[in-house]
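J.: sequence plus the predicted model coming up.
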Amino acid sequence: MMAAMRPSEVREMLDRELPGWQFREHLIEKEYHLKSFRDAVRLFNAIADLAEALNHHPRIINVYKRLKVELWTHTAGGVTEKDFQLARQIEQAAQALGVLP
């Protein structure tokens with residue numbers, strides 16, 4: 001089983017690697033703003049494919065042109081390297097779809 005990272009480690013890695021991601025309690029999260037509902041659905045589907053490939057499934061909340069993604073490793077009770085791995089891949093997919101600033 002993978003151990004949860006210390007909060008200071010999580011914050012440091014977010015600052016260094018994943019701009020726009022936030023650490024809250026036991027998870028990391030980011031809200032994406034897209035150009036259209038269809039783009040939001042495309043990103044949702046891309047995240048679903050990435051999550052299946054890693055066998056690591058995030059909480060995704062979709063409201064029109066926005067997606068909020070929350071990641072944590074349930075079995076570790078917090079954030080692990082697996083969450084960062086998926087977050088990096090989600091960032092790449094989001095950029096490919098033209099996420100708005």
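T.: That came in fine, so what should we check first?
J.: so residue 95: helix, strand or coil?
T.: helix (DSSP: H, G, I helix; E, B strand; the rest coil).
J.: how many residues are close by it?
T.: 9 (other Cβ atoms under 10 Å). In short, each C-beta sits where N, CA and C put it, glycine included.
J.: so where's this protein uncertain?
T.: For the chain, applying pLDDT under 70 flags the ranges 101.
J.: center of it - which residue?
T.: In the chain, the centroid-proximal residue (Cα atoms, centre = their mean) is residue 87; its distance is 4.1 Å.
J.: that one belongs to a strand?
T.: No. Secondary structure assignment (three-state DSSP) places residue 87 in helix, not in a strand.
J.: quick one: residues contacting it.
T.: 18, 21, 28, 30, 69, 71 (Cβ atoms under 8 Å, 6 or more residues apart in numbering).
J.: distance check, residue 18 against residue 41.
T.: Distance from residue 18 to residue 41, counting by Cβ to Cβ, to the nearest Å: 23 Å.
J.: sort out which one of the contacts of residue 87 lies nearest residue 47 for me.
T.: Closest approach to residue 47 among the contacts of residue 87 (Cβ to Cβ): residue 69, at 6.7 Å.
J.: excluding residues flanking it in the chain, which one is nearest residue 71?
T.: Ranked by Cβ to Cβ, 6 or more residues apart in numbering and with sequence neighbours excluded, the top spatial neighbour of residue 71 is residue 83, at 4.1 Å.
J.: buried set for the lengthiest helix in the chain?
T.: Under DSSP state H, the helix in the chain containing the largest number of residues is helix 37-54. By 16 or more other Cβ atoms under 10 Å, the buried positions in helix 37-54 come out as 39, 40, 43, 44, 46, 47, 50, 51.
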